[in-house]
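1. Provided below for reference: sequence and predicted model.
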Amino acid sequence: MTAEPRADAAAPVRLILVDDHEMVIEGLKAMLAAFSDRVRVVGQAVGAERAAAVVDELQPDIVLCDVRMQGASGLDLCRELRERDPDRKVVMLSVYDDEQYLYQALRVGASGYLLKSISSDDLVRQLELVPAGRRPSTRAWRRGPPTPPPACSATSSGPVPGRASRSAKAKSCPSWSMACPTVVSRPGW
């Protein structure tokens, strides 16, 4: 997939990185450094709790945010940022190639959903799509529009109980929607 050039090709996309692991943020910064003429990391936040203040202060073009973090989730952060500024662009970054997470990201207003296995070239190309209003995509997004599974209402993006049993997660699905990927089984997945 080839990205269309941005209207203002001279100005790099301004990016804030949000993850609950500083090592991941530093790795992304190092990976993107080779593309500083196209993407510029202007800020970072370790965890969603600090991220809103950093976004308010730096006003990036895009917030690149992990889906699941300790404390508040990236989905919660996306919802909060979009409520405060409906034009805010938030791209979710995840290890989960799962329709559940993809659906929830769409539901809270994410501009895109990328997998952490993405190459640096493709990451930059995908991020360049966002200012033009296009959705960056990886395998999960390209399969077609996600639909909510029948067994899960996806009403909350609260944390998954860390050591809950499979049956406990199944019982908690409506209020702990992040548990849904572990209990919902649909033919063809």
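-> Structure received.
2. What are the boundaries of the strands in this protein?
-> Taking DSSP state E as the criterion, the chain carries its strands at 13-19, 39-46, 62-66, 90-94, 112-115.
3. Mean pLDDT, mean neighbour count and distance to residue 29 for the ones you listed - can I get that in JSON lines?
-> Yep, even glycine has a C-beta here, placed from its N, CA and C like the rest. Formatted as JSON lines, those follow (pLDDT from 0 to 100; neighbours: other C-beta atoms under 10 Å; distance: least, C-beta to C-beta, whole Å):
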{"stretch": "strand 13-19", "mean pLDDT": "96", "mean neighbour count": "24", "distance to residue 29": "7"}
{"stretch": "strand 39-46", "mean pLDDT": "96", "mean neighbour count": "19", "distance to residue 29": "5"}
{"stretch": "strand 62-66", "mean pLDDT": "96", "mean neighbour count": "25", "distance to residue 29": "11"}
{"stretch": "strand 90-94", "mean pLDDT": "94", "mean neighbour count": "25", "distance to residue 29": "13"}
{"stretch": "strand 112-115", "mean pLDDT": "92", "mean neighbour count": "22", "distance to residue 29": "16"}
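4. mind checking which of those strands is nearest residue 101?
-> Judged by C-beta to C-beta, the one of those that comes nearest to residue 101 is strand 90-94, at 5.9 Å.
5. could I get that closest one in PDB with only the CA atoms?
-> Written as PDB, here are the backbone C-alpha positions of strand 90-94 (Å, rounded to 0.1, in the frame of the first residue of the first chain):
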ATOM      1  CA  VAL A  90      -5.400   9.200  18.000                       C
ATOM      2  CA  VAL A  91      -3.900   6.100  16.400                       C
ATOM      3  CA  MET A  92      -3.900   2.900  18.600                       C
ATOM      4  CA  LEU A  93      -0.800   0.700  18.600                       C
ATOM      5  CA  SER A  94      -1.200  -2.800  19.800                       C
END
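6. And for that strand, what's in contact with it?
-> 19, 62-68, 74-75, 77-78, 81-82, 101, 105, 109-116, 126-127, 130, 136 (C-beta atoms under 8 Å, 6 or more residues apart in numbering).
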